[in-house]
Structures are given as structure tokens and as C-alpha cells.
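Peer 1: Please work out how this folds:
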Amino acid sequence: MPTTSRTPTLSQSMAEAVASFDLSMVGPAPVAKAKACLLDFLSCAFESIDLPWGRQARAVAPASGGAHIVGSAEAATPGDAAFANAVLGHGLVREDMHAASLSHHGVVVWPALLALAERHPVHGARLLGAAILGYEVGCRVGRALFDAGLARLFRPTGLVGPIGAAAGGAYLLGLDAERTAAAIAFGTNAAAGLNQWPHSGGSDMYFHPGFAARSALTAVELAALGAFGSPDILEGEAGLFAAFGRKPAPADIPLFPEGKADILGVYNKPVAACNFAQTACQAALRLAAELTGDAAPVESVSVRVAQAAVRYPGCDFQGPYERALQAKMSIQFGVAAALVHRRLGEANYQRLDDPEVLRIVRACELQPDPEFTAAFPAAQGAEVEVSLKDGRRLKTSLRDVVPATEADIRARFRESAGAVLGAERADAIEEFVDGIETKGDAGQLMQLCAATAKNARTAGRRPA
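Peer 2: Alright, predicted model coming up:
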């Protein structure tokens, strides 16, 4: 009797594409972008080592050997290292961003893959391919799943991060399509993360990618051992789209449609703040240049952004600000701080009780703009208008966020890595990343990122 073939499920179709992927299929631009994202991830991780959540994440990763934590002298289990490195990479709120999926994929993909690469030595080109695939799967699923309403409830990074990282990890280990589909299924089962934290000022957000990276690691290793995951985990009646999106799954989620890699849709943040605050802060900084010392005081500020920015939890918030994260999420605070301090950077969020900043925050009106809303997520525009007490009005707008350049990324990396490990080691790490596709053992990168006993930070305090 003739055999009948079943239509592949979404995860099976993606798994086939993942298992048959070759780095030569995407060209040089995605490879260069992956390297930039890796340096930016490491930069954030080095700079977050002594922040409270960075110390906490390292403290729950006891020394046991196997994988390294950025800036730490002692190795941990791969799962614990992935958790800690993900939290460190997210610690500044300056991680890379993919607006169309509302997600920060790098802070899940890189920690999971780097931990796997230490446990299962692989060539650097394999690591790059796995990362590009991790971004691709996470971005494409996130595009299909998320809208502004869903993102008010669930953290996009926590939901799609483990899916993409699991797919990338399966490729890293060379799993066949069947086991790759299982890894995707287990990664999907680990989808988690609630967006209550902006309302209460909780630190939950920092740990979301840690949970996701650790779960992705487990998903890949279970699949490698032959565990069977639900093939219809995405489109099933209790699958991802039904459970979270409350809608049918799309008929297809193609990877690299028309040869386009979605990692090229990722941008690197210029400001250590929420994605939706970036463009408004940049526009405010341009206006700040016109506020000379003899300018009349600011009377009111009008900020116009996309509807998605207004609706995202914590972005339309005028205080009170009890924690820096609340200020980093608030568009009003970011704009006010840029106007007052005439700069963009971490220092803007170190004082939450600045009276002039808070005065302008209270005088700041945030509104959705139809044109910016229509352009999102392809572009993230913002307009800032300042009314002065002498009757003058100053206004500027940006059609899209101006991302950090490669030069910005490299400068940030050298400063942050050099501050922890010294300039010589920072140069060695940068050189390794630049030529990683030629390295026989990609796991050596994390050994370079580890501290020695001389320059190590303790998990709970700064060295004396």
C-alpha cells in the first residue's frame, strides 16, 4: 500500500531549515552583525558585574567547573554560567533589540551558545552560524506572535528567547532535524516571563533572559539524548500561539525569506534604557543643545511616539521613581534627563530625585502619533517639542532611532572589558571575536573573558 506523508509542523519545517543551514548561505553582512552583537553583549556583561543583579546572578552560580562567567575567576556548570552571563548581558538595559519581535535575542542566544561551546568544543564558524540561526528563529516566531497588547502582559524576550536559543544550540551540536524539532519544542515549553515588573519596579526583568538561557541549554541537551518534544508545540490547540497569543498560528514561519537574515533587523542601543525611550531621548538631546545658559526655563514638553511605545508597560510613567529601572523604562524621565543634563548615558539614571528633572517629568505629556504608529516596527520615530517660559517653542523629530555604530560598540567594549581585565586582555578578546570564524575551538573565548585571581570581583562585593 502507498504510504501517506504528513504535512510537517511549524517546528519540523524550521528544524529542517536549521539542520540544513550553512554559514555560506547568508553572506558577510549577517556574519559581521553577529560579531558586533557578540562584542556588544560582552560589553554590557563586563559593565554589569558590580550591579546588584549582576552580583546576585553570580552568587547563585556556585563554582563547580565546566563553563566560565564573564569577569569571574571561577567556573560554574554550563546552566549556571548561561544564567549568570544572560543576567549580566541584560544588566544595563543596553542589550541589542529587534523591534519587530519586541525582543532582546542576544542576551539569551549568546549565553546559551557560549556555555554549550565550552562543554562541546566547536569551530568558531559553527558558533556564528548557530547564533545567526538563534536570532533568526527567535525573531521570526516573535514577529508572528507578538503585538502591543500581548507585550503588555508577557515579556517577549522570555517567551521567544528560549525558542531561538534552543534552535541555535541544536545546530551548534549538529543535531538532525528530528532532534532539532524536539529542542525547539522543549524551548517553547520554557517560554515564560510576566510584565508586571514595570508596574511595581521589580528586578524580575533582569533575570528573564537568565531563565531563558538556562532552559534553552536544557532543551538542547534533552533533545540530544533523544527526548521527544511535541511536534505541534507552536500551532497545536494548547501550543504557543493558542496559549499566549489566543490566536491561530500562521500557516508557515519561513526562515531567511528571500534570503534575508533577521539579525540584520537588530539594532544596538545607543542609550542604556528601554527600546521605546531611545528615539525620544535622542531627539531631546538635540533640543538640549539649543537650551543655552541664558535660555528661559522649560515650561512644558510634548513627546509624540508610536502607540506601541505608549502602551508598553512602564514607558508612560511619571513616577515616583524608586529604582533606576523605573526611570530607564520611562520615556518622560529619559527625555527630561537628556534636557537637563545634556547627555545620554548611565549617569542620567544615577540620581532619581533631581528636582529639575522631576519638574520637567511632571510637565511632560506623552502622546501617540499616527504616522509613527503606522511606521512601527520598521521605524521608531519620535518628536519632542519644548515650550519655554518666554513663549519660545523648540521642536525636533527623528524618523527612526539612530543606532550605536560599530565604532561606538568597540569603544564601549574596550572601556568595559579593560576596566575589569585590563587593556591587553580586552584587545585579545576583540581580536578573537574579529577572527572567530577561523578559530578551531570557539569555547576559548569565554576563557579569555574570565578573570584571574588578581582582577576577579567577588560575587557579593567589590574588591577592597
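Peer 1: Mind jotting down where the helices sit in the stretch 151-300 of the chain?
Peer 2: All helices of the stretch 151-300 of the chain, identified by DSSP state H, counting those that start in this stretch, fall at 156-172, 177-189, 197-200, 204-224, 240, 278-288.
Peer 1: Quick test: name the residue nearest the centre of the chain.
Peer 2: Centroid-nearest residue in the chain, with C-alpha atoms, centre = their mean: residue 104, separated by 2.5 Å.
Peer 1: dump the residue contacts of it.
Peer 2: 90, 95, 96, 97, 98, 157, 161, 209 (C-beta atoms under 8 Å, 6 or more residues apart in numbering). Where you see a C-beta, it was placed from the backbone N, CA and C, and this is true even at glycine.
Peer 1: quick revisit: would TSV of the helices of the stretch 151-300 of the chain with mean pLDDT be doable?
Peer 2: Putting these into TSV (pLDDT from 0 to 100) gives the following:
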stretch	mean pLDDT
helix 156-172	98
helix 177-189	98
helix 197-200	90
helix 204-224	98
helix 240	98
helix 278-288	97
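Peer 1: chain center to the lowest-mean-pLDDT helix or strand in the chain: distance?
Peer 2: The helix or strand of the chain with the poorest confidence is helix 197-200; it has a mean of 90 (mean pLDDT, DSSP states H and E). Once both centres are worked out by C-alpha atoms, centre = their mean, to the nearest Å, helix 197-200 turns out to sit 19 Å from its chain's centre.
Peer 1: In PDB, list the C-alpha atoms belonging to it.
Peer 2: The C-alpha coordinates for helix 197-200 follow below in PDB (Å, rounded to 0.1, in the frame of the first residue of the first chain):
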ATOM      1  CA  TRP A 197       7.800  44.300  36.900                       C
ATOM      2  CA  PRO A 198       7.400  47.800  35.300                       C
ATOM      3  CA  HIS A 199       4.300  48.400  37.500                       C
ATOM      4  CA  SER A 200       6.000  47.600  40.800                       C
END
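Peer 1: can you list the residues that contact that helix?
Peer 2: Contacts of helix 197-200 (C-beta under 8 Å, 6+ apart): 203, 204, 205, 313, 314, 315, 317, 325, 326, 329.
Peer 1: which pair in those residues spans the largest distance?
Peer 2: 203 and 315 (17.9 Å; C-beta to C-beta).
Peer 1: Who has more neighbours out of those two?
Peer 2: residue 315 (23 against 13; other C-beta atoms under 10 Å).
Peer 1: Could you give the backbone dihedrals for the more buried one?
Peer 2: Dihedral angles of residue 315 (phi, psi; degrees, to the nearest 10) stand at phi -80, psi -40.
Peer 1: Show me which of the contacts of helix 197-200 are buried.
Peer 2: 204, 205, 313, 314, 315, 317, 325, 326, 329 (16 or more other C-beta atoms under 10 Å).
Peer 1: Relative to residue 146, how far out is the residue nearest to the last one when sequence neighbours are not counted?
Peer 2: The spatially closest residue to residue 329, leaving aside those adjacent along the chain, is residue 314, at 3.4 Å (C-beta to C-beta, 6 or more residues apart in numbering). Plainly put, residue 314 is 17 Å away from residue 146 if you go by C-beta to C-beta, to the nearest Å.
Peer 1: Equivalent analysis for residue 8, please.
Peer 2: 24 Å.
Peer 1: Could I get the full set of strands for the stretch 201-350 of the chain?
Peer 2: 298-305 (DSSP state E, counting those that start in this stretch).
Peer 1: Domain boundaries for the protein, per the record?
Peer 2: 11-250, 275-398 (automatic domain parsing).
Peer 1: Next, count neighbours for the closest residue to residue 134 other than its chain neighbours.
Peer 2: Once flanking residues are discounted, residue 134 sits nearest to residue 168: 2.8 Å by C-beta to C-beta, 6+ apart. Other residues near residue 168 come to 32 when the count uses other C-beta under 10 Å.
Peer 1: Touching, residue 168 and residue 127? I think so.
Peer 2: No. Between residue 168 and residue 127 there is no contact under C-beta atoms under 8 Å: 9.1 Å.
Peer 1: what residues are shared contacts of these two?
Peer 2: Counting by C-beta under 8 Å, 6+ apart, the shared contacts of residue 168 and residue 127 are residue 113.
Peer 1: All set now, cheers.
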